[in-house]
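Chemist: Predicted model follows, preceded by the sequence.
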Amino acid sequence: MKEIIFKYLKSLNINGLATFKNGPAIFLDQAPDDSDSRWDGSQYGRIIYGLNLKDDSERKVSGTMEIAIAYLFNNQGYKNLLEAKKILKKAFEGVFLTDEDTTISLVWRKSESFQEAIEGQMDVEVCGSVLTFDAYAFPKHSYLPLDAVGSLAKHIDENWNVTVINNTELDEIWKPDDEEVVVYTRLDSMQPGTFPSTHACTWFTNNIKVHVISGSDVNADQFVMNLLQDLQERERFVMNDGSPFFVNQLAYSTKLDPLKDGQVTVRGQYGKLRDVETVDELKTITIS
């Protein structure tokens, strides 16, 4: 994911960046020392970025990304800084980044400006800004052998013209347009089923959260209504092995954040066939 961010920053062609190792001065977490021989001339402007993702059981925030940009404090440097701040905020606000394991969405939180002297050069100052984005993670989990979460994602993908994060091949860097609807399903909790288990079948109850993200509240609300009506009428959707997931309860709350919490809850249960026990064959039978 950090490599994807680097490539994206490089593609923005920010003006006034110094050159390091024949490329723009963009660094992960920390810049090389100013005396490093790989600098080509001035060491400013420069960009330093960092991504910190963490597990959060309540999924309030999955992490943060910070981008610090600094220029020499002069007329041109200050102009470059103002331009760079606008470009970076616009480029990362609402963007989705996807690697093999997860997708993250970035939401701008704040910008903090600074001005300071360069260490060892008290007569030379730099000006800069630190942009902070909240990062919300959408991991690509699978729950084999029976995956209710992935099966609901597939059901949505096959029945509506929306972008389903769980079930779509996504670009590394993408940003939905204002009318597009993005959907993500995830497992919220799992308990034993209410149907009695038998020798042949064990029942499980799943609570599945559905995140519906769109720049258009009208389109998001319409999709939610369509999904709820569809599942209410069908009372089931097909699992990945062809068996049914029985929908017992549906809930929708406009108070829940689409990125943090997911507005729709689908509760239901499915049965898993028990493994057939192998037994030794009867070998010597005497009948008298």
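Modeler: Nice, I can see it. Residues are numbered from 1 along each chain as shown.

Chemist: Over to F223. Which of the three states is it?
Modeler: With DSSP: H, G, I helix; E, B strand; the rest coil as the basis, the three-state label of F223 is helix.

Chemist: Enumerate every residue touching it.
Modeler: Residues near F223 by C-beta atoms under 8 Å, 6 or more residues apart in numbering: 160, 162, 181, 183, 212, 214. In this view, the C-beta of every residue, glycine as well, is placed from N, C-alpha and C.

Chemist: ok, now how distant is the most centrally placed residue in the chain from V218?
Modeler: Taking C-alpha atoms, centre = their mean, the centroid of the chain lies closest to I104, which sits 2.6 Å from it. I104 sits at a distance of 26 Å from V218 (criterion: C-beta to C-beta, to the nearest Å).

Chemist: and what of I67?
Modeler: On the measure of C-beta to C-beta, I67 and V218 end up 33 Å apart.

Chemist: of those two, who's got more company?
Modeler: I67 (24 against 9; other C-beta atoms under 10 Å).

Chemist: residues in contact with V162?
Modeler: So V162 contacts 156, 180-183, 223 (C-beta under 8 Å, 6+ apart).

Chemist: May I ask which two of those are separated the most?
Modeler: I156 and E180 (14.2 Å; C-beta to C-beta).

Chemist: picking up where we left off before, redo the contacts of V162 as JSON lines? Include distance to S113 and pLDDT.
Modeler: What follows is those, written out as JSON lines (distance: C-beta to C-beta, whole Å; pLDDT from 0 to 100):
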{"residue": "I156", "distance to S113": "43", "pLDDT": "98"}
{"residue": "E180", "distance to S113": "34", "pLDDT": "96"}
{"residue": "V181", "distance to S113": "36", "pLDDT": "97"}
{"residue": "V182", "distance to S113": "33", "pLDDT": "97"}
{"residue": "V183", "distance to S113": "38", "pLDDT": "97"}
{"residue": "F223", "distance to S113": "40", "pLDDT": "97"}
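
Chemist: Most neighbours among those residues, please name it.
Modeler: Busiest of these [other C-beta under 10 Å] is V183, holding 28 neighbours.

Chemist: Now Q115: which helix or strand?
Modeler: strand 102-118 (DSSP states H and E).

Chemist: cool, and K89?
Modeler: helix 75-92.

Chemist: what's the offset of that helix from the middle of its chain?
Modeler: 26 Å (C-alpha atoms, centre = their mean, to the nearest Å).

Chemist: angle of that helix against strand 102-118?
Modeler: Counting by axes from the mean of the first three to the mean of the last three C-alpha atoms, to 10 degrees, helix 75-92 lies at 170 degrees to strand 102-118.

Chemist: show me where the stretch 151-288 of the chain has helices.
Modeler: According to DSSP state H, counting those that start in this stretch, the stretch 151-288 of the chain carries its helices in the segments 217-234.

Chemist: pLDDT below threshold where in it?
Modeler: Along the stretch 151-288 of the chain, the model assigns pLDDT under 70 to residues 276-280, 282, 288.

Chemist: how about the helix holding K89: buried residues?
Modeler: When burial is assessed from 16 or more other C-beta atoms under 10 Å, helix 75-92 yields the following buried residues: 77, 80-81, 84-85, 88, 91-92.

Chemist: For that helix, enumerate the helices and strands it packs against.
Modeler: Contact here means 3 or more C-beta pairs under 8 Å, 6 or more residues apart in numbering; DSSP states H and E; on that basis helix 75-92 packs against strand 63-72, strand 102-118, strand 121-139.

Chemist: Including mean pLDDT and distance to G150, could those strands go into TSV?
Modeler: Converted to TSV, those look like this (pLDDT from 0 to 100; distance: least, C-beta to C-beta, whole Å):
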stretch	mean pLDDT	distance to G150
strand 63-72	96	24
strand 102-118	93	15
strand 121-139	90	12
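
Chemist: Deepest in the core, which of those is it.
Modeler: Among the helices and strands packed on helix 75-92, ranked by average contacts under mean count of other C-beta atoms under 10 Å, first place goes to strand 63-72 (a mean of 21).

Chemist: So which elements touch that one?
Modeler: By 3+ C-beta pairs under 8 Å, 6+ apart, strand 63-72 packs against strand 46-53, helix 75-92, strand 102-118, strand 121-139.
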